[in-house]
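Asks: could you work out the structure for the sequence below:
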Amino acid sequence: MDKYSPLGPDELGPSPNIRLEEGSPAVTILDQTLLPNRTEHLTLSGARELHEAIYSLRVRGAPAIGIFAAYAIYVLSARSAETEFEPFYAEFLENKAYLDSSRPTAVNLKKQLDRMDALALKLRALPIPEILRELRGEAFAIHREDIAMCKAISEFGLELIRDGDGILTHCNAGPLATSRYGTGLGTILLAQERGIKLRAYCDETRPLLQGARLTTYELYNAGVDTTLICDNMASIVMREGRINAVFVGCDRVARNGDTANKIGTSGAAILAKHYGVPFYVFCPSSTIDPDCATGAEIKIELREPSEIKEKFFAEPVALEGVKCYNPAFDVTDNELITAIVTERGVCRAPYTESLRALYE
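Replies: Numbering: from 1, shown residues only. All right, here's what the predicted structure looks like:
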């Protein structure tokens, strides 16, 4: 496959969540804030709207953010009027820093921007049009690699399930958050394709309801037996024996195996430990941050109080003066994690050893 060729329908699937527009430099995304009731695509090219798409979760999920960021920095570079490398690269770095500021927790955003940056520097002796051609090809390569990684992760996950199992999910780690199959949902979707019937119990995932709006949307439309529950019902479904495993994605993995994922993930892990339910984290190896020793070093994004008090409600559910604490993520300690499933295999404790093989 020519690295400069746009991704075709066979690669992207019937409803791609991210694609690079041909003819004019722009990225088209499926606006996830409108799902499940409206399916609308946005075509973006300006720095502010590309930044806003990440910050406002129009595009979300660590791998998807990385793919989008690669396309976005290419689009902004292609819109540059500079013809010499030094001013071109100064503008590139400014755009890179701006995009990177949109969300601090997901490591894929910074990693893919750094990858595009390293390529631009490597090619500094080339004319700007040639650099742009290579940046475009690299963004396509990042997208293709994610599709292949998601398929491999999903295949490894099949080793962890049996026909008829009940799987608890938290947040959304399906195709919307990645590319094709997804990470945390990939095994469920691949199992459905292969005739392995699983029962999915999906936490709604307050306050932004990614589980209710997005995960049930993906699983139900794929024909999976799907049941939506409130976050505080996870305990009772485990106690009743409905859950055989918990599947989640993640946004960053520390060297010791601590993982950062959507707020509420660590609570699900604690419950799983109490009830003897395996807790599996699914992620590409690019999500491992070797510069981060433990979860204590992971910066947790804080978001607006309105997401708790007002969003999705006809009227505010608390008085205007009531303070809100709204962390977007929490950290799950490695001792609560049964295994971390990557495109290169299933890693188990001690994670300092099993994960090291993936980045050294």
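Asks: you'd agree G182 is up against G174?
Replies: Yes. Assessed by Cβ atoms under 8 Å, G182 is found in contact with G174 at 3.7 Å. In this view, the C-beta of every residue, glycine as well, is placed from N, C-alpha and C.
Asks: overlap in contacts, these two.
Replies: Listed as contacting both G182 and G174 by Cβ atoms under 8 Å, 6 or more residues apart in numbering are 189, 218.
Asks: can you count the residues close to V248?
Replies: Other residues within reach of V248, judged by other Cβ atoms under 10 Å, total 28.
Asks: so who does it touch?
Replies: 169-171, 173, 184, 261-262, 265, 268, 279-282.
Asks: of the residues you listed, buried ones?
Replies: Buried by 16 or more other Cβ atoms under 10 Å: 169-171, 173, 184, 261-262, 265, 268, 279-282, out of the contacts of V248.
Asks: so of those residues, which ones are in strands?
Replies: Judged by DSSP state E, the subset of the buried ones among the contacts of V248 located in strands is 169, 261-262, 279-282.
Asks: which residue ranges of this structure form helices?
Replies: 9-12, 47-55, 62-78, 85-100, 107-122, 128-157, 186-193, 210, 216-221, 234-239, 265-275, 306-309, 351-354, 356-359 (DSSP state H).
Asks: make TSV out of those helices and add mean pLDDT and distance to G23.
Replies: Listed next are those as TSV, based on pLDDT from 0 to 100; distance: least, Cβ to Cβ, whole Å:
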stretch	mean pLDDT	distance to G23
helix 9-12	80	17
helix 47-55	97	18
helix 62-78	96	12
helix 85-100	98	21
helix 107-122	95	21
helix 128-157	96	13
helix 186-193	97	32
helix 210	96	33
helix 216-221	96	30
helix 234-239	98	47
helix 265-275	98	41
helix 306-309	96	37
helix 351-354	97	46
helix 356-359	93	38
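Asks: what residue is smack in the middle of the chain?
Replies: G61 (2.2 Å; Cα atoms, centre = their mean).
Asks: so that one touches T178, yeah?
Replies: Yes. Between G61 and T178 there is a contact under Cβ under 8 Å: 5.8 Å.
Asks: setting aside sequence neighbours, what's the nearest residue to G61?
Replies: Nearest non-adjacent residue to G61, counting by Cβ to Cβ, 6 or more residues apart in numbering: A177, 2.2 Å away.
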